[in-house]
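1. heads up, no residue letters with this:
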């Protein structure tokens, strides 16, 4: 990995079947397992990368000549950017580019507060994309349409789906996909990938499609030996 690229965050690992992934919503929310073995990271990956946007929800876009924030002064003028400011920001993507530690003037850089837990560090690069939200009740997630040189793309089918568990059915099928597929995932109707299914390495037929499967590689009836899911901030092209 290039030193200029952000590090990957591993959000899930399957490797030996020592951890049960057929769990309720609350356990997927907080995470389970150990990062040294099989695990699901839970909301920690969302908080790390996205919490800085929460306060800006529902705000109007402001610039130095059009003040629409909720602060008595003009946030865009004070923090030298244009954004959906409130009073004033926990993210300043359109601030002054001044990569690295800063102190004066305060918080005018390209800030992402929840990453460095500070307003005086300006990030090196940032890309904003729409349609990404928290894995929570009523929320949707957009999964990347990854290109796999061997395994193929089994993720596009799940784009825009809500996360489902056996006790929280949010898929598009008439039945509960998490229950029938024995996992927790962004099921559609039902899946092309089942990373959190039952660990049963090798060919399977009965019950159908409940293993750790990747349909575009080995079909629904083959449970893979290992799988890792990772996320990282998008890099500019």
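-> All right, it came through fine. All values reported here derive from a predicted model rather than from experimental measurement.

2. I'd say residue 23 and residue 32 touch.
-> Yes: using CB atoms under 8 Å, residue 23 is in contact with residue 32, at 6.5 Å. All C-beta spots, glycine's among them, are computed from the backbone N, C-alpha and C.

3. between the two, who's got more neighbours?
-> Counted by other CB atoms under 10 Å, residue 23 and residue 32 do not tie: residue 23 has more neighbours, with 19 against 16.

4. and that one, its phi and psi?
-> Phi and psi for residue 23, reported as degrees, to the nearest 10, are phi -130, psi 160.

5. what number of residues lie near the nearest residue to residue 15 once chain neighbours are set aside?
-> Excluding the flanking residues, the one nearest residue 15 by CB to CB, 6 or more residues apart in numbering is residue 226, at 4.7 Å. Using other CB under 10 Å, residue 226 has 12 other residues around it.

6. repeat that for residue 124.
-> If you count neighbours by other CB under 10 Å, residue 124 ends up with 10.

7. is it true that it touches residue 99?
-> Yes: using CB under 8 Å, residue 124 is in contact with residue 99, at 4.7 Å.

8. what segments of this protein are strands?
-> Counting by DSSP state E, the segments of the chain that form strands are 9-14, 32-33, 39-40, 91-92, 100-101, 111-112, 121-122, 202-203, 222-223, 227-231.

9. partner strands of the fifth one and their direction?
-> Using DSSP bridges, the neighbouring strands of strand 100-101 in the sheet come out as strand 121-122 (antiparallel).

10. show the average pLDDT along the partner strand.
-> Averaged over strand 121-122, pLDDT sits at 84.

11. before we move on, what about stretch 36-53?
-> Confidence over stretch 36-53 (mean pLDDT, whole number) is 71.

12. quick one: end-to-end distance for it.
-> 30 Å (CA to CA, to the nearest Å).

13. can you give me the domain assignment for this protein?
-> For the chain, whose domains are defined here by automatic domain parsing, the residue ranges read 10-41+134-237, 44-129.

14. now residue 189: how far from residue 181?
-> 11 Å (CB to CB, to the nearest Å).

15. more neighbours: which of the two?
-> When residue 189 is set against residue 181 and neighbours are counted by other CB under 10 Å, the residue ahead is residue 181, at 28 against 12.

16. point to the helix or strand of this structure where mean pLDDT is at its lowest.
-> helix 44-50 (a mean of 54; mean pLDDT, DSSP states H and E).

17. pLDDT score for residue 165?
-> Confidence per residue is given as pLDDT, and for residue 165 that number is 96.

18. what is the burial count for it?
-> Neighbouring residues of residue 165 were enumerated by other CB under 10 Å; the total is 24.

19. surely it meets residue 178?
-> Yes: because the distance of 4.9 Å satisfies CB under 8 Å, residue 165 is recorded as touching residue 178.

20. shared neighbours of those two, which are they?
-> With contacts taken as CB atoms under 8 Å, 6 or more residues apart in numbering, residue 165 and residue 178 have residue 184 as neighbours in common.

21. what's the closest non-adjacent residue to residue 22?
-> Setting aside the residues directly before and after it, residue 22 is nearest to residue 182 in space (CB to CB, 6+ apart), at 5.1 Å.

22. state the distance from the residue nearest to residue 15 to residue 20.
-> 17 Å.

23. any idea how far residue 201 is from residue 17?
-> For residue 17, the distance to residue 201 - CB to CB - is 8 Å.

24. ignore the last one, residue 36
-> Counting by CB to CB, the separation of residue 36 from residue 201 is 20 Å.

25. appreciated, that's everything.
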